[in-house]
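Colleague: Take this sequence and fold it.
(chains A and B)
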There are 2 protein chains.
Amino acid sequence: MDYIKGLEEKRIFEISDVLSGDWIGKEITIKGAVHTIRDMSQFSFIILRNYQGLVQCVLEEGKVQDFQLKNIREGATVEAKGILSAEDRAPNGFEVRLTDIRILSVPAEDAIMPLPISKWKLNTSLEAKLSLRPISLRNIRERAIFKIQEGIVRAFRDFLFKQHFTEIRTPKIVAGNAEGGANVFKLEYFGKKAFLAQSPQFYKQTMVGVYDRVFEAAPVFRAEKHNTARHLNEYTSLDFEMGYIDGFEDIMNMEGAMLKYIFAFLKKEYPKEIKILGINIPEASHIPAVRFDEAKVLISEKYDRKIKDPYDLEPEEETLIGKYFKEEYNSDFVFVTHYPSKKRPFYAMDDPTDPKFTLSFDLLFKGMEITTGGQRIHSYEAQVDKMIKRGMDPEEFSNYLMIFKHGMPPHGGLGIGLERLTMKLLDEQNVRETTLFPRDVSRLEP
Amino acid sequence: MDYIKGLEEKRIFEISDVLSGDWIGKEITIKGAVHTIRDMSQFSFIILRNYQGLVQCVLEEGKVQDFQLKNIREGATVEAKGILSAEDRAPNGFEVRLTDIRILSVPAEDAIMPLPISKWKLNTSLEAKLSLRPISLRNIRERAIFKIQEGIVRAFRDFLFKQHFTEIRTPKIVAGNAEGGANVFKLEYFGKKAFLAQSPQFYKQTMVGVYDRVFEAAPVFRAEKHNTARHLNEYTSLDFEMGYIDGFEDIMNMEGAMLKYIFAFLKKEYPKEIKILGINIPEASHIPAVRFDEAKVLISEKYDRKIKDPYDLEPEEETLIGKYFKEEYNSDFVFVTHYPSKKRPFYAMDDPTDPKFTLSFDLLFKGMEITTGGQRIHSYEAQVDKMIKRGMDPEEFSNYLMIFKHGMPPHGGLGIGLERLTMKLLDEQNVRETTLFPRDVSRLEP
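Modeller: As a prediction, this is how the structure comes out:
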C-alpha cells in the first residue's frame, strides 16, 4: 500500500530563500516561466517569472549541455540550475549562471504573445487588457493589484476575528431580495422563481441573533444597467453586522479601526506591491463625519452649486464632498451620516429625533462611496409597521421577521465594495482595473 | 466637526474576560439575550446567551430596583450588572448576582418560541430545524457546528498562505461551464445566456498562470435533481490549484498536510466546540492511496460483491472502500486514484501508461467522497486534441485555451466540499445539518 504522508522538503529555491540565505557562489535550482529572453550574442539573459518576482538567468555559450536558446520561448516553463551570483542590475540583486535547464512545458507552436506582458506597464487600452485578461494578468504590475486586494480581505478578516466576529457563508440563490428595486438577476429554480442575492442583508442580521457579531466576504449580484466606471454587475461585498450596539457610531468606529488595521497590514505584508504600484497609503485614524443635509449646504456654499434635490446625493456631489474634506480637513475619507429615510431600505432605523432621516451613513473615499451602513430596526412591531407604510406585505417576509419576533439585540452593520476600495486606494479611474474578471452589461467573458 | 477615531475601550465584560481575570466579588457588566428563566420563588435564574456561551444571573427579590421578572421573556436582550460569584454548577463556573438590569430590546408581544432552543439538544426533525433555521441556530449545539465550519475554512486559508498560495475571487456568473452535463443553473444576462459557475475550474487554472499557486473558498452551484442526504444545489467549494508539480501525488500530499493542519488548528482554536459536539478528531498523517481498479477488486473480494461496471464507482462501493480501509488500515481517509478517463472532465490528464485512466483522485472520508482532484492537461495541442475527441468545439473555449496557447506549467488541483467535510467530521447523517441555509430541490428558504 502507498501512503500519502503530507509535504516533503523540496530542494527548489524560492526568491525569498535566496534573499534570506547566503547562497552566493553556490548552485541552486529554481522554477519559473520564461518572461523574456535577451540574446546578447556571446550569452543570453533568460528572465524567469514566478509568483515572487523575476529571476535573471544567464546562459553562456556552451555552458549548458544539450540546450540551445531556440528550444525555448516566452511562456515556456523551466527548472533552471545554476551558480548564484550577486548582480546589482538584476531583479532582487542576483542572477543565476546556468549549468542546467530542464523544460517543463512549452506554449503552442504557433502562438504569438498578444500583449507585451514583460513590459513594466502595459500601455494598452482597458478593453484590450480585459479581453486578454488571462494573459494581461501575467504582467508584474497587473498581478500586484490583486495581491493588494488579497491583502485587504486578509486584513478585514483578521481584524474582525480579533474583534470576536464569526465568519458566515450565506446562500446566493434566494427567494426574495433585501435591497428591493429592479436590479436583480432572476433564475429558474426547479420550477420556482429565484434570485441572485443583491446582498447578504437578511442572513447577516439573522446571524447576529446567533453569534452577536458576524461577517462575510462574498460575491453579490446587481442587475444594474448602468455601464459606468464605478459599477459592476457582480462584485465582492465585505459585510459585517454587529449586535449590542449603543448607536450607529459604533459601526463607524469599527470601520475606522478596521481601515487603520488594513492599511497597517498592507504596509507590513505587501511592501513589494505597494512599491510596484506606487501606492500612497492614506490616513484613517481620524475620519470627519458630517450630516447629509449639512454636507449638501457646505459644498453648495463653497463651490457655488445649487441644491437640486435635498433628499438625494448625486455622484458629482459625492465628488465635491470628497474634495471639500480633502481641502478643509486634509482627509481622504469622510462619513456622511443621516441619509434621508426614503433613500434607505425598509430595514434602516429612522432617527427618532427626525424620522425623515435615518441612523445611517456612507463612507466616501476620495469622493466615492465605498461603504453603506447603519443601524437596523430591531423591534418586530416597528419593522412590520415600516413595511406596511411602504406598501410591503409582511407575510412575504415571514422568514426574515421571525428573527425580530423572537428577539434581536440593537444592531447594525455595513457593506464595503472591495473592488471600489481597491480602485480608490490605487487611484485607478475604472473599477474594472481592480476586478479580476469583471462582469458588466457587455462583458461576460473571460 | 465630529470625528470617527476608531474603537474605544468599553467596560462590558465578555465571558473570556471573566475567566482570564480575578473578578470574584467585584461588580461586572455583561450583555446577552435571555436564553431561559427559572423562577425559584425567593430568587430566579436568568440565563443569558451570547456568542461566547451562557451566563447564569441570579435575581434576588428586592435587589434590583424598578425591575420585575415579568418585564422580560426569552429572547429579550439586556445589559446586566452584578457581583461575580464562583458557582461550580453554573456554566463556566460563575454566576452574576444582579444589582441592575437594563432591557435593550424585547421580542414581539405575542411571540411563542416555536422550538425549545434552550434545551441542550434540539430533539426535533431536520425538517423543523431547517424551516425554523433562524431560530434553531440559536441553540448552543447547533451554532457550535458552524464555528467548527468557520475553523475549517480559517485553517484551510492559513495553511495555504503558509504554502505561498494566493487567494483569488473568480466570477460566479459565467458564459460557459467547466464541468459539463445538464446540472447547471441558467440565467438571463442582459439578453445573453449565462450560467452559475459549477466550479472555479477555468479561472483557477488561469490564475496558476499568474500566481503559480492559488486558492478560493466560495459558493458553487449545481442544478442536480437528486434530493439525497449528501447533495446540495449550492455549496462551498474549497478549491486550490498548484503549478510546477512533479506529479499528481504533489496535490495529494498537499491535501494530506492541509488536513493535518486543519485538525491541529481545530484542536487548538475550537476546543469548546469540539467538546460540545463530542467530535473525535481523526488522524490524517498517513493516508492510504489505492488505484480505482484495485479498490473495486479489494471490496469485491472481501465483501463478496460482484463488480457491475468496471468504470464507475457507486455510492455503495465508496462506502465499502471506506469500510475496508477502516478495517484493514484503521484509516478514516483513503485516496482512490486513477479514475477512468471517461468519468473525468476533458481537462483531466490521462495516464500516459494507460490512457483509459487519468492522473486523478478522489479522497474518501468515512466512505464518502469529499474531494475530487488531479493533474490537468497543460499542453495546448493535447487539450485541443482531447476536446475534439470528445466532440467539443475548441472555438467555444478560446478564452480558456488562451492560457495553454501562451504557456502553462504542469499543474493540478482539487475541490473539497466544505459541508460534506464538516458532515463527516461531525458524524452527521445529512449534509443539511452542516449547511447554514441549505438549498435543495424543494428548499429555497429561509
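Colleague: Check the offset of stretch A:44-61 from the chain's centre.
Modeller: 31 Å (Cα atoms, centre = their mean, to the nearest Å).
Colleague: my bad, stretch A:22-36
Modeller: The answer for stretch A:22-36 is 32 Å, by Cα atoms, centre = their mean.
Colleague: cool, and stretch A:274-284?
Modeller: On Cα atoms, centre = their mean, the centre of stretch A:274-284 falls 15 Å from the chain's centre.
Colleague: Can you tell me what sits against that stretch?
Modeller: With contact meaning Cβ atoms under 8 Å, 6 or more residues apart in numbering or on different chains, stretch A:274-284 is reached by A:140-141, A:144-145, A:148, A:256, A:259-260, A:263, A:266-267, A:273, A:331-333, A:365, A:425-426. Just so you know, the C-beta spots here come from the backbone N, C-alpha and C atoms, and that holds for glycine as well.
Colleague: In helices, which of these fall?
Modeller: A:140-141, A:144-145, A:148, A:256, A:259-260, A:263, A:266-267, A:273, A:425 (DSSP state H).
Colleague: Residue A:442 and residue A:131 touch, don't they?
Modeller: No: Residue A:442 is beyond contact range of residue A:131, at 11.3 Å (criterion: Cβ atoms under 8 Å).
Colleague: out of the two, which sits in the more crowded spot?
Modeller: residue A:131 (18 against 8; other Cβ atoms under 10 Å in any protein chain shown).
Colleague: I'd like to know which elements the helix-or-strand element of chain A with minimal mean pLDDT is packed against.
Modeller: Using mean pLDDT, DSSP states H and E, the weakest-scoring helix or strand in chain A turns out to be strand A:2-4, at a mean of 89. Contact here means 3 or more Cβ pairs under 8 Å, 6 or more residues apart in numbering or on different chains; DSSP states H and E; on that basis strand A:2-4 packs against helix B:249-269, strand B:287-291.
Colleague: Is chain A within reach of the first one?
Modeller: Yes: if you take Cβ under 8 Å from any Cβ of the partner chain as the test, helix B:249-269 does meet chain A, through B:249, B:252-257, B:260.
Colleague: Please tabulate those residues in TSV, including the columns pLDDT and neighbour count.
Modeller: Formatted as TSV, the residues of helix B:249-269 next to chain A follow (pLDDT from 0 to 100; neighbours: other Cβ atoms under 10 Å in any protein chain shown):
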residue	pLDDT	neighbour count
B:249	97	19
B:252	98	25
B:253	97	18
B:254	97	25
B:255	98	26
B:256	97	24
B:257	97	20
B:260	97	20
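Colleague: nearest to chain A, of these?
Modeller: Taking Cβ to the nearest Cβ as the measure, chain A sits nearest to residue B:257 out of the residues of helix B:249-269 next to chain A, at 3.6 Å.
Colleague: residues touching the closest one, list them.
Modeller: A:6-7, B:159.
Colleague: which ones among these are found in helices?
Modeller: residue B:159.
Colleague: which of the contacts of residue B:257 are buried?
Modeller: A:6, B:159 (16 or more other Cβ atoms under 10 Å in any protein chain shown).
Colleague: on that earlier part again, also near chain B: which of the ones in helices among the contacts of stretch A:274-284, exactly?
Modeller: Counting by Cβ under 8 Å from any Cβ, the members of those near chain B are A:256, A:260.
Colleague: quick one on the thing from earlier: now for the next helix or strand after the least confident helix or strand of chain A, which elements pack on it?
Modeller: Once the chain leaves strand A:2-4, the next helix or strand it forms, by DSSP states H and E, is helix A:15-20. Counting contacts by 3+ Cβ pairs under 8 Å, 6+ apart, helix A:15-20 is packed against strand A:27-39.
Colleague: re the thing from before, chain center to the least confident helix or strand of chain A: distance?
Modeller: On Cα atoms, centre = their mean, the centre of strand A:2-4 falls 39 Å from that of its chain.
Colleague: got the buried residues for it?
Modeller: residue A:4.
Colleague: Neighbouring strands of that strand in the sheet, and parallel or not?
Modeller: strand B:287-291 (antiparallel) (DSSP bridges).
Colleague: ok, and what's touching the partner strand?
Modeller: In contact with strand B:287-291 (Cβ under 8 Å, 6+ apart) are residues A:1-5, B:252, B:256, B:259, B:298, B:321, B:325, B:329, B:331, B:333-338, B:361, B:363.
Colleague: Give me the buried entries from these.
Modeller: Buried among the contacts of strand B:287-291 by 16+ other Cβ under 10 Å: A:4, B:252, B:256, B:259, B:298, B:321, B:325, B:329, B:331, B:333-338, B:361, B:363.
Colleague: Next step: those residues restricted to strands.
Modeller: A:4, B:333-337, B:361, B:363 (DSSP state E).
Colleague: Pull the most distant pair out of those.
Modeller: Across those, the longest distance by Cβ to Cβ is 13.1 Å; it joins B:333 and B:337.
Colleague: Point out where the stretch 151-300 of chain A drops to low pLDDT.
Modeller: For the stretch 151-300 of chain A, not a single residue meets the criterion pLDDT under 70.
Colleague: how about the helices in it?
Modeller: A:201-211, A:249-269, A:271-277, A:292-302 (DSSP state H, counting those that start in this stretch).
Colleague: Out of those helices, which one sits most buried?
Modeller: helix A:201-211 (a mean of 25; mean count of other Cβ atoms under 10 Å in any protein chain shown).
Colleague: so what secondary structure elements neighbour that one?
Modeller: So helix A:201-211, by 3+ Cβ pairs under 8 Å, 6+ apart, packs with strand A:213-221, strand A:234-243, helix A:398-405, strand A:411-417, helix B:133-136.
Colleague: same thing but 7 Å
Modeller: Helix A:201-211 is packed against strand A:213-221, strand A:234-243, helix A:398-405, strand A:411-417, with contacts defined by 3 or more Cβ pairs under 7 Å, 6 or more residues apart in numbering or on different chains; DSSP states H and E.
Colleague: what's the distance between residue A:156 and residue B:269?
Modeller: 19 Å (Cβ to Cβ, to the nearest Å).
Colleague: measure the residue of chain A positioned farthest from its centre to residue A:43 for me?
Modeller: Most distant from the centre of chain A: residue A:62, at 48.1 Å, with distances by Cα atoms, centre = their mean. From residue A:62 over to residue A:43 the distance is 10 Å, taken as Cβ to Cβ.
Colleague: How about residue A:128, nearest residue that isn't a chain neighbour?
Modeller: Closest residue to residue A:128 apart from its sequence neighbours, by Cβ to Cβ, 6 or more residues apart in numbering or on different chains: residue A:115 at 7.0 Å.
Colleague: Return the residues in contact with that neighbour.
Modeller: Contact analysis of residue A:115 by Cβ atoms under 7 Å, 6 or more residues apart in numbering or on different chains lists A:122, A:124, A:132, A:135-136.
Colleague: ok, now with 8 Å
Modeller: A:122, A:124, A:128-129, A:132, A:135-136, A:139.
Colleague: for it, helix, strand, or coil?
Modeller: coil (DSSP: H, G, I helix; E, B strand; the rest coil).
Colleague: and it, backbone torsions?
Modeller: phi -140, psi 150 (degrees, to the nearest 10).
Colleague: what do you get for residue A:185?
Modeller: phi -80, psi 130.
Colleague: Not counting residues beside it along the chain, what's closest to it?
Modeller: In space, residue A:185 is closest to residue A:196, 4.2 Å off (Cβ to Cβ, 6+ apart).
Colleague: so residue A:85 is in which element?
Modeller: strand A:77-86.
Colleague: so what strands line up beside that strand?
Modeller: strand A:27-39 (antiparallel), strand A:94-105 (antiparallel).
Colleague: pretty sure residue A:402 contacts residue B:131?
Modeller: No: under the criterion of Cβ under 8 Å, residue A:402 is not in contact with residue B:131, lying 9.9 Å apart.
Colleague: who touches both of these two?
Modeller: With Cβ under 8 Å, 6+ apart, residue A:402 and residue B:131 have common neighbours residue B:446.
Colleague: So which residues on the stretch 301-446 of chain A come close to chain B?
Modeller: Close to chain B, as judged by Cβ under 8 Å from any Cβ, the stretch 301-446 of chain A has residues A:329, A:335, A:378-381, A:399-400, A:402-410, A:418, A:436-437, A:439, A:441-442, A:444-446.
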